[in-house]
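> Show me the folded form of this:
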Amino acid sequence: MKTIIAIIIVVLLVIYFYPKQYISSPGFVTQEMHAEFERTKPKCLGFSYLTNAEQMAADAPGESLCFGWLAK
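Here you go, the predicted model:
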């Protein structure tokens, strides 16, 4: 019985911490589009990692990985 519970816990942890890709910043857009993005962007409840920091410095959209729950 303990083995089954341990397996279920491990599966839930893997599902929860499986990296999910999302756009964390809009890049170079108009002020109205930026306000809309900020209002509707997904939020990472956990650990977020920015994968394209160099491209983002040139006004590219921020591409991040979320290790946790991705909420809208």
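> Look through the protein and tell me its longest strand.
Determined from DSSP state E, the single longest strand within the chain is strand 62-71.
> which residues are in contact with the lengthiest helix in the chain?
Using DSSP state H to define each element, the chain has its longest helix at helix 2-17. Where contact means C-beta atoms under 8 Å, 6 or more residues apart in numbering, the residues beyond helix 2-17 that reach it are 46, 67-69. Placement of C-beta: from N, CA and C, glycine included.
> now for the worst-scoring helix or strand of the chain on mean pLDDT, which elements pack on it?
Counting by mean pLDDT, DSSP states H and E, the chain has its least confident helix or strand at helix 53-56, which shows a mean of 87. Using 3 or more C-beta pairs under 8 Å, 6 or more residues apart in numbering; DSSP states H and E as the contact test, no helix or strand touches helix 53-56.
> Residue 22: what's its closest spatial neighbour, skipping adjacent residues?
Closest residue to residue 22 in three dimensions, ignoring its sequence neighbours and counting by C-beta to C-beta, 6 or more residues apart in numbering: residue 42, at 4.8 Å.
> This completes my enquiry, with thanks.
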